[in-house]
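**Q** Predicted model, plus sequence, below.
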Amino acid sequence: MLAELNKKNINIKKLAKKALEDDAVLSELLEGVLSKKERIRFNCFKVLLLISEEHPKVLYARWDFFADLLSSPNTYFKYIAIHIITNLTKVDTKSRFEKIFDKFYGLLDDKSIIPASHVAGNSAKIAHAKPKLQTKITNKLLAIDKTHHPPERRDLIAGYAIEAFSEYFETAKSKKKILEFVKKQTDSKSPTTRKKAREFLKRWGE
């Protein structure tokens, strides 16, 4: 099946259906997502991402596989783990995310801006799936300025955080702190982040 996964245009839904029906196919996808071949890796990720969105319980049984990728030196593997784990939080009946919370949010201070941005950007989904962690998540996002990233990169990550805040602000307990954070970003060096901040304040500002 790996030969099929090396094709440019694959049928994501068809392969997802196969994986749901055959554990051996699912195992091949998990193997393929670690492939050195970029196309195989990307195609496997697309199939697994679809499964995590529509049938998260299937991949919840493989939680440790994805949790281990958070510690990988490979930035793309971390990216994969962030997105899959985010989708699995909605079926996390064993509080597994709570056990890796610090590792997951520690990626806000990753050497690369990619994991940091995607952790911030996925935070609203997690806040909705894990409402008891909402304030803890908010505090992590509010502390982006304390990460090692240079100012211009912190500004970009802050833009993703603003998007997340906008999605759960209505139920947030730290509204005042969030508003202060967003107001600061209206002077951001990033035009995109400035725009997101203005849009946020237009929607939620007091």
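**A** Yes, it's here. Residues are numbered from 1 along each chain as shown.
**Q** quick check, distance from stretch 186-200 to the centre of its chain.
**A** 21 Å (C-alpha atoms, centre = their mean, to the nearest Å).
**Q** Could I get the buried residue list for it?
**A** Buried residues in stretch 186-200, counted by 16 or more other C-beta atoms under 10 Å: 188, 190, 193, 194, 196, 197, 200. From N, CA and C alone the C-beta is placed, and that goes for glycine too.
**Q** and if you look at stretch 73-84?
**A** 76, 77, 78, 79, 80, 81, 82, 83, 84.
**Q** Format the buried residues of stretch 186-200 as JSON lines; extra columns: secondary structure, distance to residue 174 and pLDDT.
**A** Conversion of the buried residues of stretch 186-200 to JSON lines gives the following (DSSP: H, G, I helix; E, B strand; the rest coil; distance: C-beta to C-beta, whole Å; pLDDT from 0 to 100):
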{"residue": "188", "secondary structure": "coil", "distance to residue 174": "20", "pLDDT": "93"}
{"residue": "190", "secondary structure": "coil", "distance to residue 174": "23", "pLDDT": "93"}
{"residue": "193", "secondary structure": "helix", "distance to residue 174": "20", "pLDDT": "96"}
{"residue": "194", "secondary structure": "helix", "distance to residue 174": "22", "pLDDT": "96"}
{"residue": "196", "secondary structure": "helix", "distance to residue 174": "18", "pLDDT": "96"}
{"residue": "197", "secondary structure": "helix", "distance to residue 174": "17", "pLDDT": "96"}
{"residue": "200", "secondary structure": "helix", "distance to residue 174": "14", "pLDDT": "96"}
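**Q** now, the most widely separated pair of those residues?
**A** Taking C-beta to C-beta as the measure, the buried residues of stretch 186-200 span a maximum distance of 14.0 Å, between 190 and 200.
**Q** what's the overlap in contacts for those two?
**A** Listed as contacting both residue 190 and residue 200 by C-beta atoms under 8 Å, 6 or more residues apart in numbering is no residue at all.
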